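Asks: Here's a sequence, model it:
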Amino acid sequence: MGIEGYLVISALLFGIGAFGFLSRRNAILMLISIELMFNAANLSLVAFNAYLPAGSNAGAVFALLIMAVAASEVTVGLGLVIAIIRTRQTAQVDQYSDLKE
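Replies: The predicted structure follows:
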């Protein structure tokens with residue numbers, strides 16, 4: 001499979017993640033959709049890395065950076081979501097309107 005195949009799959013995964021984020025109202029499912037978008041970006045970087053010169057590892061470095069950001073996002077985001085769910089007794093983000101104040 002060439003770079004086009006990787007980019008098509010990456011675009012599909014990113015689109016599914018974006019649709020999931022915009023259509024869901026559950027905070028945990030929204031975090032999962034963000035993770036799917038991060039993984040789509042990693043897949044496109046893997047395809048990008050195949051077309052770099054032989055000694056360059058720029059794509060792998062960017063992929064590791066995205067993985068580190070995704071791991072920290074999951075840790076902080078899930079901690080915040082669980083704290084909000086414990087106080088509000090719901091995971092539906094539509095009912096968090098009092099957090100705007």
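
Asks: list the helices and strands the strand or helix carrying Ile82 packs on?
Replies: Per DSSP states H and E: Ile82 is located in helix 58-88. The elements that helix 58-88 packs onto, with contact taken as 3 or more CB pairs under 8 Å, 6 or more residues apart in numbering; DSSP states H and E, are helix 27-49. The C-beta positions use only the backbone N, C-alpha and C, and glycine is treated the same way.

Asks: okay, the angle between the helix it packs on and helix 58-88?
Replies: 180 degrees (axes from the mean of the first three to the mean of the last three CA atoms, to 10 degrees).

Asks: what bits of the chain have low per-residue confidence?
Replies: Under the criterion pLDDT under 70, the flagged ranges of the chain are 95-101.

Asks: One more pass at 80, please.
Replies: Low-confidence segments of the chain (pLDDT under 80): 1-2, 46-60, 62-63, 88, 90-101.

Asks: just to revisit the earlier point, may I see the buried residues of the helix holding Ile82?
Replies: 59, 62-63, 70, 77, 81, 84 (16 or more other CB atoms under 10 Å).

Asks: swap in stretch 9-28?
Replies: Buried residues in stretch 9-28 (16+ other CB under 10 Å): 10, 13-14, 17, 20-21, 24, 26-27.

Asks: Make JSON lines out of these and add secondary structure and distance to Glu4.
Replies: Shown next, in JSON lines, are the buried residues of stretch 9-28 (DSSP: H, G, I helix; E, B strand; the rest coil; distance: CB to CB, whole Å):
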{"residue": "Ser10", "secondary structure": "helix", "distance to Glu4": "11"}
{"residue": "Leu13", "secondary structure": "helix", "distance to Glu4": "15"}
{"residue": "Phe14", "secondary structure": "helix", "distance to Glu4": "15"}
{"residue": "Gly17", "secondary structure": "helix", "distance to Glu4": "20"}
{"residue": "Gly20", "secondary structure": "helix", "distance to Glu4": "24"}
{"residue": "Phe21", "secondary structure": "helix", "distance to Glu4": "26"}
{"residue": "Arg24", "secondary structure": "coil", "distance to Glu4": "30"}
{"residue": "Asn26", "secondary structure": "strand", "distance to Glu4": "34"}
{"residue": "Ala27", "secondary structure": "helix", "distance to Glu4": "36"}
